[in-house]
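1. Starting from these lines, generate the structure:
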Amino acid sequence: MNRRNDLPAEHTVGTRTDRLTVVDEIFLHKHRGLGLPSVMQGVWRTDDHIGAPLLISLHDALSQGPLGRRVVRSKIPGARPHFEPTTVSYPVRYTNDPLGDGDILDWADAQAEVDLDPSHAPGWALAAAPIAGGGTVVSLVCSHVLTDARGLIDAVTDALAGKGIATEDDGSSAASESDLRDALQLTGRVVRGLRNVRFGNSGEDPPPPHIVRSKARTALVDVDAATWDDVAHAAGGSSNSLFLAITTGIATRAGLALPLRIAIPVDVRESGGAPNGVMITELVVDEGDTAATLRAKTSAAYHTPREAAPYGIPDEILHLMPDRVAAHLARESVERELMCSNIGRTPPLFDAFGPHPSRGVAMRAMHPGLDTLQVSTPTKLSSYLNRNRGTYSLALVALDEDAFPDTAALRRYVDDEMGARGLEPAHW
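-> Residues are numbered from 1 along each chain as shown. As a prediction, this is how the structure comes out:
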């Protein structure tokens, strides 16, 4: 996701440091059936075999870090939920059946269908499989309630570095007192914020939702980073604006009409940490937009992040609303036809999985259970970009069944769009 540390971070109230943020709670609503469910997934490929001891060691380290926690509701009305440590986790899942080169993404998609529960745990799962001809693919999936892409990267980085991050656990009496303080301060902040709000429609209707009745269609490609950057600069853009242009090009090849509105996550956290530290800004792509014009548009958009609550209402009011109302308002504010998350460069520790050099690293959000839930969302296509060493990895998740009827169609649009720009995508 795009990082803008000069943007205002969400204010915190109360004394606990493990309270759910507004974005955390939005994902909790979605997990409970009020919207599009989401999990974060990191996928690694190596050219050599990863043994069980390293996987077990990573699993144990992750369980002691920020993924090893669950959501606990307060008994005091108005107090935000908080995280508490938990040791409940799935064991490492490892199959002995080697995957062919064409089976890796299908296997990764299947791992994202794991049953996760951020309230009762387990909230995350680690799996691995051998690759025919040598190598290993590893999947780490966690509930989006627990963290976002950057938080997942930080959790893995600390685990690979051998760091433990214990979550502070307040005693029951201290927690009760903290809950009361949080409820009073949160309510006071919302009341003060509402005094300056002029209610009414912003004049901008949200995109209409569509029903999702089947699993997402996915694509994941690697592109040489130097070539990507050269193409971006030759077009007068940046690596990020080329990312937006490519995603839009794939969407229009699928028949989606311009203008298209893109939701862009912006990292507003002031330091590292597990909570979802993003807000959403919007960018509108019109006819004639190029990588160069999108570069200018994104520069302006980063300074106007959207709030989780619409119409200028204080974000924290969503904590005080009934779940269904809060989920509805949040969806109207943050969901658009496209979603583009530039996760950035992975840290040096991701260049290898322990002693095993990485062949590829990809990050994305996935949506389990869509073939049984039949949820509605305005989002038709999501894309995720990250760089690992000399490679950009682009992951695409398509939800619109009419525009993207099958995986082959999505991957054909990817090949055509990149080929037209002089890029050679290597599919996972």
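
2. Stretch 255-273: which residues count as buried?
-> The neighbour-count check on stretch 255-273 (16 or more other CB atoms under 10 Å) flags 256, 260, 261, 262, 263, 264, 265, 266, 267, 268, 269 as buried. For every residue, glycine as well, the C-beta is placed using N, CA and C.

3. Repeat that for stretch 221-230.
-> Under 16+ other CB under 10 Å, the buried positions of stretch 221-230 are 221, 222, 223, 225, 228.

4. With pLDDT, secondary structure and distance to residue 282 as added columns, please give these in TSV.
-> Listed next are these as TSV, based on pLDDT from 0 to 100; DSSP: H, G, I helix; E, B strand; the rest coil; distance: CB to CB, whole Å:
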residue	pLDDT	secondary structure	distance to residue 282
221	98	strand	26
222	98	strand	29
223	98	strand	26
225	98	helix	28
228	98	helix	25
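
5. In a markdown table, list these along with distance to residue 189.
-> Shown next, in a markdown table, are those (distance: CB to CB, whole Å):
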| residue | distance to residue 189 |
| --- | --- |
| 221 | 45 |
| 222 | 46 |
| 223 | 45 |
| 225 | 44 |
| 228 | 44 |
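
6. hmm, back to that, rebuild the buried residues of stretch 255-273 as a markdown table, extending it with secondary structure.
-> Formatted as a markdown table, the buried residues of stretch 255-273 follow (DSSP: H, G, I helix; E, B strand; the rest coil):
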| residue | secondary structure |
| --- | --- |
| 256 | coil |
| 260 | strand |
| 261 | strand |
| 262 | strand |
| 263 | strand |
| 264 | strand |
| 265 | strand |
| 266 | strand |
| 267 | strand |
| 268 | coil |
| 269 | coil |
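
7. Mind picking the two most distant members of these?
-> 256 and 269 (31.9 Å; CB to CB).

8. from the buried residues of stretch 221-230, which is closest to residue 377?
-> Nearest to residue 377 among the buried residues of stretch 221-230, counting by CB to CB, is residue 221 at 24.0 Å.

9. Identify the residues contacting the closest residue to that closest one other than its chain neighbours.
-> Beyond its immediate neighbours in the sequence, the residue positioned closest to residue 221 (CB to CB, 6 or more residues apart in numbering) is residue 425, lying 3.6 Å away. Residue 425 is in contact with 221, 222, 223, 394, 414, 415, 418, counting by CB atoms under 8 Å, 6 or more residues apart in numbering.

10. if I look at residue 425, how far off is residue 375?
-> Between residue 425 and residue 375 the distance is 30 Å, computed by CB to CB, to the nearest Å.

11. all helices in the stretch 201-350 of the chain, in order from the N-terminus.
-> Secondary structure of the stretch 201-350 of the chain (DSSP state H, counting those that start in this stretch): helices located at 225-234, 239-253, 291-301, 317-320, 323-334.

12. Verify the stated contact: residue 361 with residue 137.
-> No. Here residue 361 does not reach residue 137: they are 11.0 Å apart, not a contact under CB atoms under 8 Å.

13. Mind listing the shared neighbours of those two?
-> 43, 44, 45.

14. The second one should be in a strand, yeah?
-> Read that as residue 44. Yes. Judged by three-state DSSP, residue 44 forms part of a strand.

15. Identify the bridge partners of it.
-> With DSSP bridges as the criterion, residue 44 is bridged to residue 138, residue 361.

16. so where's the chain uncertain?
-> 1-17, 164-177, 196-204, 270-275, 305-312, 332 (pLDDT under 70).

17. Now do the longest helix seen in the chain: which elements does it pack against?
-> Longest helix of the chain, by residue count under DSSP state H: helix 172-194. Packing contacts for helix 172-194, counted by 3 or more CB pairs under 8 Å, 6 or more residues apart in numbering; DSSP states H and E, involve helix 317-320.

18. Mind giving me the packing neighbours of the helix it packs on?
-> So helix 317-320, by 3+ CB pairs under 8 Å, 6+ apart, packs with helix 22-31, helix 172-194, helix 323-334.

19. what's the distance between the longest one and the middle of its chain?
-> Helix 172-194 sits 29 Å away from the centroid of its parent chain (CA atoms, centre = their mean, to the nearest Å).

20. Report the buried residues of it.
-> For helix 172-194, burial by neighbour count (16+ other CB under 10 Å) applies to 175, 178, 179, 181, 182, 183, 185, 186, 187, 189, 190, 193.

21. Then the last one?
-> Residues of helix 323-334 classed as buried under the neighbour-count rule (16+ other CB under 10 Å) are 326, 327, 329, 330, 331, 332, 333, 334.

22. Please dump these into CSV; it should also carry distance to residue 89 for every row.
-> Converted to CSV, these look like this (distance: CB to CB, whole Å):
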residue, distance to residue 89
326, 29
327, 28
329, 34
330, 29
331, 31
332, 35
333, 34
334, 30
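
23. Tell me who's in contact with the closest residue to residue 318 other than its chain neighbours.
-> Once flanking residues are discounted, residue 318 sits nearest to residue 326: 4.2 Å by CB to CB, 6+ apart. Residue 326 makes contact with 25, 26, 29, 318, 319, according to CB under 8 Å, 6+ apart.

24. Out of those, which is nearest to residue 60?
-> Residue 60 has its nearest neighbour among these in residue 25, at 29.3 Å by CB to CB.

25. need the contact list for that closest one.
-> Here residue 25 is in contact with 80, 81, 318, 319, 326 (CB under 8 Å, 6+ apart).

26. How about the fourth one, nearest residue that isn't a chain neighbour?
-> When the adjacent residues along the chain are set aside, residue 319 lies closest to residue 80, with 5.2 Å between them (CB to CB, 6+ apart).

27. Repeat that for residue 417.
-> Nearest to residue 417 is residue 249, by CB to CB, 6+ apart, at 4.2 Å.
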